[in-house]
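Visitor: Here is my input; please provide its structure:
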Amino acid sequence: MREFLVEITTAIPEGTGQDEVDRRRAAEAVRARELAATGHLARLWRPVGELRSIGIWRAADEEELHEKVLGTLPLRPWMTPTVTALESHPNDPGRTDATQ
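Guide: Below is the predicted model of the structure:
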């Protein structure tokens with residue numbers, strides 16, 4: 001699988017009820033755990049005080065990332081993702097034979 005740096009900004013539509021927001025957030029947590037278990041979600045961070053996340057995601061290619069990974073997130077209709085394909089750097093201290 002290839003790795004992608006994905007920055008996601010979430011904007012809750014005006015007028016959305018808190019019950020709907022809570023329902024989607026709970027479902028999002030479940031789906032994130034499932035994607036982590038299958039190796040598609042490697043790491044995830046949130047800048048302090050923002051409805052934005054930054055993560056390392058994995059998929060066969062960018063099409064699969066959008067359709068079968070990010071597209072399955074319950075909050076996806078409210079998200080704007082920015083995707084950057086990554087490749088191993090020769091000076092990466094975490095580099096292993098598998099990432100060369």
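Visitor: use CA for all of it now, contacts and neighbours both
Guide: Noted.
Visitor: show me where this protein has helices.
Guide: 18-37, 62-64 (DSSP state H).
Visitor: JSON lines for those helices, including distance to E50 and mean neighbour count?
Guide: Below are those laid out as JSON lines (distance: least, Cα to Cα, whole Å; neighbours: other Cα atoms under 10 Å):
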{"stretch": "helix 18-37", "distance to E50": "15", "mean neighbour count": "14"}
{"stretch": "helix 62-64", "distance to E50": "25", "mean neighbour count": "13"}
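Visitor: which stretches of the protein aren't confidently modelled?
Guide: Residue ranges of the chain with pLDDT under 70: 97-100.
Visitor: hey, where'd the strands end up in it?
Guide: Counting by DSSP state E, one finds strands in the chain at the ranges 2-10, 41-45, 52-59, 79-86.
Visitor: so can I have CSV of those showing mean neighbour count and distance to H66?
Guide: Below are the strands of the chain laid out as CSV (neighbours: other Cα atoms under 10 Å; distance: least, Cα to Cα, whole Å):
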stretch, mean neighbour count, distance to H66
strand 2-10, 19, 11
strand 41-45, 15, 13
strand 52-59, 20, 9
strand 79-86, 15, 9
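Visitor: got the helices of the chain as CSV, with distance to R2 columns?
Guide: Output for the helices of the chain, formatted as CSV (distance: least, Cα to Cα, whole Å):
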stretch, distance to R2
helix 18-37, 15
helix 62-64, 9
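Visitor: Nearest to W78, out of these?
Guide: helix 18-37 (10.3 Å; Cα to Cα).
Visitor: neighbouring contacts of that closest one?
Guide: 12, 41-42, 69, 72-75 (Cα atoms under 8 Å, 6 or more residues apart in numbering).
Visitor: List buried residues within those.
Guide: 41, 69, 72-75 (16 or more other Cα atoms under 10 Å).
Visitor: Could you dump the residues you listed into JSON lines with distance to I56 added?
Guide: Formatted as JSON lines, the buried ones among the contacts of helix 18-37 follow (distance: Cα to Cα, whole Å):
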{"residue": "L41", "distance to I56": "6"}
{"residue": "V69", "distance to I56": "12"}
{"residue": "T72", "distance to I56": "16"}
{"residue": "L73", "distance to I56": "15"}
{"residue": "P74", "distance to I56": "18"}
{"residue": "L75", "distance to I56": "18"}
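Visitor: Nothing else from me, thank you.
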